[in-house]
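*Asks:* coords please:
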Amino acid sequence: MIRINEIRLSLDEEEITLRQKAAKILKINEKYIESLTIYKKSVDARKKDDVHFTYSVDVIITLDEIQITKKCKSNKVQIVEPYKYELPENKRVSDYRPVVVGFGPAGMFAGLILAQSGLRPIILERGKDVDSRTRDVNRFWQTRELNEESNVQFGEGGAGTFSDGKLTTGIKSPFIKKILQELYEAGAPEEILYSSKPHIGTDRLAIVVKNIRKKIESLGGEVRLECKLEKLIAANGFIHGITYSHKNEIIDLEADSVIMAIGHSARDTVEMLYNMGVEIMQKPFSVGARIEHPQKLINEAQYGKFAGHKKLGAADYKLACHGLHERGAYTFCMCPGGTVVAAASEKECVIVNGMSSLARDGENANSALLVGIEPKDFPSSHPLAGIYYQREIEHKAYELAGSNYNAPAQLVGDFLKGIESKALGNVNPTCPTGVSLTNLDYCLPQRVSATMKSAIVEMDKKLNGFNLYDAVLTAPETRSSSSVRILRDDLLQCNIRGVYPCGEGAGYAGGIISAAVDGVKCAHAVLGDEH
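*Replies:* From the prediction side, this is the model:
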């Protein structure tokens, strides 16, 4: 197979012309191209007067590939092998079925790989199925009645289900293609297979999650919903089983392999592991707020005169800078045409996140604006001090906004001046529980708000209009990543043998794809365990 990189199409050219352009680069007649598939597609908006698409394509030809690639003499052309994922050899000799705790991206893909290997995994998820969970989330947004076991953080699909479904990642792994293919087969749009910034959308994620669960079940696996892990049964440093609860019933289950894909909000489970003697260390995390702008402003800043072109859709951005005292600030999980999400999972705590539909057609753009928090900033040296620090910020935000699950919010202009906001401007906040205008300095750590103020000014130099006075900051965003790391060795096991800390909650991932990749890695580790 031949891969051709850097094929350019204007916004007015159709993808059907890729075949013609590929033939021209290869210096062959189009009729010799047997098939052409898009490998990568991206928007090049570096020059605002020349916004266009750039493609990499894979072609299969009926001619000699080596001869043709030599003849065309182009550094854009290379011969590649088609990607193929192969399950590792199953060296496991145990009679017990492996257990996976958590059915977010890490747990889903750990369970899927184990099921495809014939091991019939048992997967426990403390929350409800995605449809029931969606009803509970909507009820919370409408009535402020929080279900601590079924919410934006807990339930089938994990926290990623109520997000943009963003599939970008900074990691490199041969498993990414496998994950994207499985997501596509489960109902995600085909473009995730080649887009440089793939996303699924909140509305499509529910379908995808259900289909992955059904696939696992069709292969002999079980997904047991509303089943909360209560404790590990361990002796002499080895796992022997688990205890979990289901609707007030306590159940013991024998197991010698347990993948702990618990997510970053299962704080009670982390405390249980710590009290059992599982080795846990502090880990850096980030704190900040969601910043909302009119999507039209972002489109114009990124695409200039091409803003609004039907092929471009809603523009995104990714910004970073160093603020005061070299403390980093950056945008994260930018949701074009999206909404801010009230994402509490504990009583009397407020947190926000962002999500958008596949169409990304909302009026506002929102993104997390975050500041890094290092362990030296934590209140103590206790391994779980970061969790307690997060909770303190979230409870302070709850009280500041009126103790009714409103989120505290402030206009960017007022935030920069350090004055309390009294009225909204031209940007309407989208947080579904509502917002209470205030001064975010009262709930965010001083070093965080100071760095955010510096960053907003600097980021406006990179994206015109970022410091728009009427833009709205809604706080706090505290769950972008875990504040702990559950230690594991080269076999991906913790100090209780047979327990595999996995994914974002264990401190080894930071998004849907990286969590899914870690789930695959842990499944491979279980398959390679000969004991």
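
*Asks:* now do the buried residues in the one helix or strand in the chain whose mean pLDDT sits lowest.
*Replies:* Least confident helix or strand, the chain: strand 320-322 with a mean of 86, by mean pLDDT, DSSP states H and E. Within strand 320-322, the residues scored as buried using 16 or more other CB atoms under 10 Å are residue 321. The C-beta positions use only the backbone N, C-alpha and C, and glycine is treated the same way.

*Asks:* make 97 the starting number, not 1.
*Replies:* Sounds good: first residue 97 from here, last item strand 416-418.

*Asks:* parallel or antiparallel, which strands does that strand pair with?
*Replies:* Using DSSP bridges, the strands paired with strand 416-418 are strand 424-431 (antiparallel).

*Asks:* so what's the gap between the partner strand and the chain middle?
*Replies:* Centroid separation for strand 424-431 versus its chain: 12 Å, with CA atoms, centre = their mean, to the nearest Å.

*Asks:* about what we covered before: got a list of contacts for the least confident helix or strand of the chain?
*Replies:* The contact list for strand 416-418 (CB atoms under 8 Å, 6 or more residues apart in numbering) reads 424, 425, 426, 427, 550, 551, 554, 555, 558.

*Asks:* what's the separation between residue 317 and residue 214?
*Replies:* Distance of residue 317 to residue 214, computed by CB to CB, to the nearest Å: 10 Å.

*Asks:* pick out whichever of these two has more residues nearby.
*Replies:* Taking neighbours as other CB atoms under 10 Å, residue 317 and residue 214 compare with residue 317 leading, 23 against 11.

*Asks:* once you drop chain neighbours, what's closest to that one?
*Replies:* Using CB to CB, 6 or more residues apart in numbering and skipping residues adjacent in sequence, the residue nearest residue 317 is residue 211, 3.9 Å away.

*Asks:* can I take it that that neighbour is in a helix?
*Replies:* Yes. Looking at residue 211 with DSSP: H, G, I helix; E, B strand; the rest coil, it is inside a helix.

*Asks:* chain center to the lengthiest strand in the chain, what's the gap?
*Replies:* Determined from DSSP state E, the single longest strand within the chain is strand 129-140. Centre-to-centre, strand 129-140 and its host chain are 25 Å apart (CA atoms, centre = their mean).

*Asks:* with neighbour count added, can I get the contacts of strand 416-418 in TSV?
*Replies:* As requested, the contacts of strand 416-418 are arranged in TSV below (neighbours: other CB atoms under 10 Å):
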residue	neighbour count
424	14
425	25
426	20
427	22
550	19
551	27
554	17
555	21
558	13
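
*Asks:* could I get these as TSV with pLDDT and distance to residue 117?
*Replies:* Shown next, in TSV, are these (pLDDT from 0 to 100; distance: CB to CB, whole Å):
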residue	pLDDT	distance to residue 117
424	84	41
425	93	41
426	95	37
427	95	35
550	93	46
551	94	41
554	94	40
555	96	37
558	95	33
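
*Asks:* now the strands for the stretch 197-346 of the chain?
*Replies:* Counting by DSSP state E, counting those that start in this stretch, the stretch 197-346 of the chain has strands at residues 218-221, 318-321, 323-331, 334-342, 345-350.

*Asks:* most tightly surrounded among those?
*Replies:* Burial of the strands of the stretch 197-346 of the chain is given as mean neighbour count (mean count of other CB atoms under 10 Å); strand 218-221 ranks first at a mean of 27.

*Asks:* which residues touch it?
*Replies:* 193-199, 203, 207, 251-252, 312, 317-325, 338, 340, 349, 351.

*Asks:* quick check: nearest residue in space to residue 198, chain neighbours excluded?
*Replies:* residue 357 (3.9 Å).

*Asks:* the one you found and residue 161: what is the separation?
*Replies:* Applying CB to CB, the value for residue 357 to residue 161 is 42 Å.

*Asks:* quick one, which of these two is more surrounded?
*Replies:* Ranked by neighbour count (other CB under 10 Å), residue 357 and residue 161 place residue 357 first, with 35 against 16.

*Asks:* what pLDDT does that one get?
*Replies:* Predicted confidence (pLDDT) for residue 357: 97.

*Asks:* one more: the one 3 residues further on?
*Replies:* Among the per-residue scores, residue 360 holds a pLDDT of 92.

*Asks:* any idea how far the closest residue to it other than its chain neighbours lies from residue 178?
*Replies:* Distances taken as CB to CB, 6+ apart place residue 578 nearest to residue 360, at 4.2 Å, with adjacent residues excluded. Distance, residue 578 to residue 178, using CB to CB: 36 Å.

*Asks:* contacting residues for residue 623?
*Replies:* Going by CB under 8 Å, 6+ apart, residue 623 touches 183, 184, 185, 186, 187, 188, 209, 210, 213, 215.

*Asks:* ugh, typo on my part, it should be residue 387
*Replies:* 427, 462, 463, 464, 465, 508, 552, 567, 568, 569.

*Asks:* who does the one helix or strand it maps to pair up with?
*Replies:* Following DSSP states H and E, one finds residue 387 within strand 381-390. Strand 381-390 has the following strand partners under DSSP bridges: strand 460-469 (antiparallel), strand 568-573 (antiparallel).

*Asks:* and the next helix or strand past the last one?
*Replies:* In the C-terminal direction, the helix or strand that comes right after strand 568-573 (DSSP H and E) is strand 580-582.

*Asks:* show me what that following strand pairs with in its sheet, parallel or antiparallel.
*Replies:* Looking at strand 580-582 with DSSP bridges, its partner strands are strand 376-378 (antiparallel).

*Asks:* so for the partner strand, what gets flagged as buried?
*Replies:* Going by neighbour count (16+ other CB under 10 Å), the buried part of strand 376-378 is 376, 378.

*Asks:* can you give the contact residues for that strand?
*Replies:* Contacts for strand 376-378 (CB under 8 Å, 6+ apart): 366, 369-370, 471, 474, 477, 479-482, 579-583.

*Asks:* so how do I select the buried members of these in PyMOL?
*Replies:* For the buried members of the contacts of strand 376-378, the matching PyMOL selection, counting by 16+ other CB under 10 Å, is:
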select buried, resi 366+369+370+474+479+480+481+482+579+580+581+582+583
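
*Asks:* for the contacts of strand 376-378, which one is nearest residue 454?
*Replies:* Proximity of these to residue 454 (CB to CB) peaks at residue 579, which lies at 31.4 Å.

*Asks:* if we can go back for a sec, and the contacts of strand 376-378, which is closest to residue 146?
*Replies:* Of all the contacts of strand 376-378, residue 146 sits closest to residue 579, with 43.8 Å by CB to CB.

*Asks:* against residue 485, how distant is the closest one?
*Replies:* 7 Å.

*Asks:* overlap in contacts of those two?
*Replies:* Common contacts of residue 579 and residue 485 (CB under 8 Å, 6+ apart): residue 469.

*Asks:* hmm, residue 460 and residue 523 touching each other?
*Replies:* Yes. If you go by CB atoms under 8 Å, residue 523 and residue 460 touch, sitting 6.7 Å apart.
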